[in-house]
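Structure for this input, please:
(chains A and B)
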2 protein chains.
Amino acid sequence: MTLAPSKLALVPFVSVDNMMRLVHHHGLDAMLRMLADAIEEDFLRWEAFDKTPRVASHSEVGVIELMPTSDGELYGFKYVNGHPKNTAEGLQTVTAFGLLADVHSGYPVLLSEMTLLTALRTAAMSALAAKHLAPEGATTMAMIGNGAQSEFQCRAFQAICGVDTVRLYDTDPAATRKCAANLEGSGLTVISCTTPEDAVTGAQIITTCTADKQNATVLTDNMVGAGVHINAIGGDCPGKTELHSDILHRSDIFVEFPPQTRVEGEIQALAEDHPVIELHEVFAGKTPGRRDARQITLFDSVGFAIEDFSALRCIHKAIKGTDYYIDLDMLADPDDPRDLYGMLARAKS
Amino acid sequence: MTLAPSKLALVPFVSVDNMMRLVHHHGLDAMLRMLADAIEEDFLRWEAFDKTPRVASHSEVGVIELMPTSDGELYGFKYVNGHPKNTAEGLQTVTAFGLLADVHSGYPVLLSEMTLLTALRTAAMSALAAKHLAPEGATTMAMIGNGAQSEFQCRAFQAICGVDTVRLYDTDPAATRKCAANLEGSGLTVISCTTPEDAVTGAQIITTCTADKQNATVLTDNMVGAGVHINAIGGDCPGKTELHSDILHRSDIFVEFPPQTRVEGEIQALAEDHPVIELHEVFAGKTPGRRDARQITLFDSVGFAIEDFSALRCIHKAIKGTDYYIDLDMLADPDDPRDLYGMLARAKS
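Numbers count the residues shown, from 1 in each chain, chains lettered A, B, ... in the order given. The predicted structure is shown next:
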């Protein structure tokens, strides 16, 4: 005989399949906007969060990281791996899942896939930053690097920033073909380019999202004109950057959390005290974002734990009243908390 | 249309219910011995493990911790909360779950409840230590503190150390009654005592496992005679100890991982350089355990990440060929790893 566990001992789980259903239920545009709103809300209460550094376990072929944070009410963490060699083996370079828990009881309240959710929140974060930084009336974005994140970036800039044209470039034309095919019917005008120089032509926003592990120069200085907003996604771990340092020196650089970005972002190429602007201060109106039409703004994106927390919080709300989760019997729930053994013994019969 | 995810993208999940079935499938005694063997195996290859400190998020009412470790082949972590006030609210003080992942791919290979599993591995670890430290022919154990862990301790010492008699004591007689009732039919002779002095009479092994948060004196010096093995479970966080420091000075103290035990264990009451013996050295035969019949040995147990890793590894093996798990669709698995967006789009129709 096994008694059904109480509601509190059950943890809602959002599978990949249910995450996809949930996205389609709300619509991708709405979901990206919900995520951007959740991130902005959390960035506006920046001081409420404990900003623990991520805990990384490195091996020769990759890294597994835990990224915890808490706002004092909810606690969240993301498990994420990074294994560049996985793609060649037909696996994802990055997979992730996350958990949200009630700080008061310590009980988990949500377990969710986060491979897809991270792709969504990364795009939402980029578009949210661009909303504050891109030049007025920007409608064309160069999308350099047409891998797994590229379509999400294009759709988020369309949904949140009013971009209507994307100019795609990748060193692998097959990636560009895939990206262009996926964006068919999205309402975006898609222009496939054969050189990065062509891609940036006429673009007010340049997004770089390449997968090179080593320091690469995806953008050279002469490719970046006055007034452009650069959304640099791919420089996101030590030893991995995408931009020529001359561009960094001409730009006002906006970051999520300086101690992390200085180690992982484009600015690892700069002096440790090179001035950067924290995005939460821009969102809060404490520091100006874009000041004039000729300024080059650069979002040096690395992905921060609070964004994952916001994403989990958003999903926790979004599944309410839907069928897009199952309850997992993940927590022992004896009638008498001191009687774990009795619960086990009674399960035998 | 949704395509079924490939086997690699599915993560076996062991629920509380399935963990209970699994324990009964193998038998509690066998399970405790399997866990002790797994822990001993892993302690014997101590140097293979990275010993990351646990990552704690403290609040006014409790703590949530992540305890990661890796042996270079597998990576594991445990999520565990500690909320002493939970019991009064009908909740578990401690709940836990854990994950095992393949270091080579970064893909999770097991998600498991760990509330029950932690109770089992804690008892297995205690009995394993006692196998090396308790006096020859020990058959009677005093069990001071008759909460959720107490029956597991008694059963592990019975299964692994040949204990046939337990003498129970708790400040709350109802806890002792519960413990005694649960041990009926176990084959153990159970003697319920009304004072701790009575409980330790004639016992060669004294296990203390009380839940006091503050420094308490569960055992005073005069209660501990020559030749006894003390298994101190309850002193397991800063500010929480159970033994009078005089006992510590008369004992040879054995620990899991000194940097952690000095902060969390009984020895937080001692000088930072007070000599302690690492259990993995005893298991490996590099350092003697018990040297003579009059020596007082003390296992200052705090619970270490490797034990959780061993427990998860043991469960990962134990579920093979059984039905005691379900597969969770936790990892996105697009046919083309670069085509996450395409996977999402195709899920719509």
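
Can you tell me the closest non-neighbouring residue to the residue of the stretch 151-300 of chain A found nearest chain B?
Closest residue of the stretch 151-300 of chain A to chain B, CB to the nearest CB: residue A:151 (3.7 Å). Glycine gets a C-beta too; all of them are placed from N, C-alpha and C. Spatial nearest neighbour of residue A:151, excluding adjacent residues (CB to CB, 6 or more residues apart in numbering or on different chains): residue B:341 at 3.7 Å.

Show me what the host helix or strand of that neighbour is packed against.
Using DSSP states H and E, residue B:341 sits within helix B:340-346. Where contact means 3 or more CB pairs under 8 Å, 6 or more residues apart in numbering or on different chains; DSSP states H and E, helix B:340-346 is packed against helix A:16-26, helix A:115-133, helix A:150-161, helix A:173-183.

The same query, at a cut-off of 7 Å, please.
Counting contacts by 3 or more CB pairs under 7 Å, 6 or more residues apart in numbering or on different chains; DSSP states H and E, helix B:340-346 packs against helix A:115-133, helix A:173-183.

low pLDDT regions in chain A?
Counting by pLDDT under 70, chain A has low-confidence residues at A:1-5, A:212-216, A:235-237, A:349.

how does it divide into domains?
A:7-116+A:306-343, A:132-305 (automatic domain parsing).

Enumerate every residue touching the residue most central in space within chain A.
Nearest to the mean C-alpha position of chain A, by CA atoms, centre = their mean, lies residue A:122 at 2.2 Å. Applying CB atoms under 7 Å, 6 or more residues apart in numbering or on different chains to residue A:122 gives the contacts A:149, A:233, A:303.

possible to save these as TSV with distance to chain B and neighbour count?
Output for the contacts of residue A:122, formatted as TSV (distance: CB to the nearest CB, whole Å; neighbours: other CB atoms under 10 Å in any protein chain shown):
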residue	distance to chain B	neighbour count
A:149	8	25
A:233	14	24
A:303	16	23
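
out of those residues, who's nearest residue B:117?
Nearest to residue B:117, judged by CB to CB, of the contacts of residue A:122 is residue A:303 at 31.9 Å.

The closest one falls within a strand, correct?
No. Assigned with DSSP: H, G, I helix; E, B strand; the rest coil, residue A:303 falls outside any strand and is coil.

burial measure for the residue nearest to residue A:151, as a count.
Counted with other CB atoms under 10 Å in any protein chain shown, residues neighbouring residue B:341 total 26.

got it, and residue A:249?
Using other CB under 10 Å: residue A:249 sits among 12 other residues.

what's the closest non-adjacent residue to residue A:141?
Using CB to CB, 6+ apart, the closest residue to residue A:141 is residue A:205 (4.2 Å).

Residue A:246 now?
With CB to CB, 6+ apart, the residue lying closest to residue A:246 is residue A:221, at 3.9 Å.

got the contact list for that neighbour?
So residue A:221 contacts A:244, A:246-247 (CB under 7 Å, 6+ apart).

which of these are buried?
Buried by 16 or more other CB atoms under 10 Å in any protein chain shown: A:244, A:247, out of the contacts of residue A:221.

Quick one: name the residues of the stretch 151-300 of chain A near chain B.
By the rule CB under 7 Å from any CB of the partner chain, the part of the stretch 151-300 of chain A lying against chain B is A:151-152, A:175, A:178, A:182.

mind redoing it with 10 Å?
A:151-155, A:170, A:172, A:174-175, A:178-179, A:181-186, A:211 (CB under 10 Å from any CB of the partner chain).

What helices and strands are in contact with the helix or strand residue A:40 falls within?
Using DSSP H and E, residue A:40 maps to helix A:28-44. With contacts defined as 3 or more CB pairs under 10 Å, 6 or more residues apart in numbering or on different chains; DSSP states H and E, helix A:28-44 has these neighbours: helix A:16-26, helix A:115-133, helix A:150-161, helix A:279-283, helix A:305-318, helix B:340-346.

Which one of the ones you listed lies nearest to residue B:264?
helix A:305-318 (25.5 Å).

In CSV: the contacts of residue A:122, plus distance to residue B:240.
Converted to CSV, the contacts of residue A:122 look like this (distance: CB to CB, whole Å):
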residue, distance to residue B:240
A:149, 46
A:233, 46
A:303, 37
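
wait, the residue nearest to residue A:151 sits on residue A:180?
No. The pair residue B:341 / residue A:180 is not scored as a contact, 11.6 Å apart, by CB atoms under 10 Å.

what's the overlap in contacts for these two?
A:150-151 (CB atoms under 10 Å, 6 or more residues apart in numbering or on different chains).

So residue A:75 lies in a strand, does it not?
Yes. According to three-state DSSP, residue A:75 belongs to a strand.

Let me see the contact set for it.
Taking CB under 10 Å, 6+ apart as the test, what residue A:75 contacts is A:50, A:68-69, A:99-104, A:106, A:108-109, A:309, B:57, B:59, B:64, B:79, B:81.

Distance check, the closest residue to it other than its chain neighbours against residue B:66.
Once flanking residues are discounted, residue A:75 sits nearest to residue A:101: 4.6 Å by CB to CB, 6+ apart. Here residue A:101 is placed at a distance of 11 Å from residue B:66 (CB to CB, to the nearest Å).

higher neighbour count, these two?
residue A:101 (25 against 22).

which residues does the more buried one form a beta bridge with?
residue A:75, residue A:108 (DSSP bridges).

about what we covered before: now do the helix holding residue A:40 against helix A:305-318, angle only.
130 degrees (axes from the mean of the first three to the mean of the last three CA atoms, to 10 degrees).

and helix A:28-44 with helix A:115-133, angle?
Using the same axes, to 10 degrees: helix A:28-44 against helix A:115-133 is 70 degrees.

Put the alpha carbons of helix A:28-44 into CSV.
Below are the C-alpha coordinates for helix A:28-44, written out as CSV (Å, rounded to 0.1, in the frame of the first residue of the first chain):
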residue,chain,number,x,y,z
LEU,A,28,6.4,32.9,-29.1
ASP,A,29,6.2,36.7,-29.2
ALA,A,30,4.1,36.9,-26.0
MET,A,31,6.4,34.4,-24.3
LEU,A,32,9.5,36.4,-25.2
ARG,A,33,7.9,39.6,-24.0
MET,A,34,6.8,37.9,-20.7
LEU,A,35,10.4,36.8,-20.2
ALA,A,36,11.8,40.2,-20.9
ASP,A,37,9.3,41.7,-18.5
ALA,A,38,10.2,39.2,-15.8
ILE,A,39,13.9,39.9,-16.3
GLU,A,40,13.4,43.7,-16.2
GLU,A,41,11.3,43.4,-13.0
ASP,A,42,14.0,41.4,-11.3
PHE,A,43,16.8,43.7,-12.5
LEU,A,44,14.8,46.6,-11.0
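
How far off centre is it?
With CA atoms, centre = their mean, to the nearest Å as the basis, helix A:28-44 stands 11 Å off its chain's centre.
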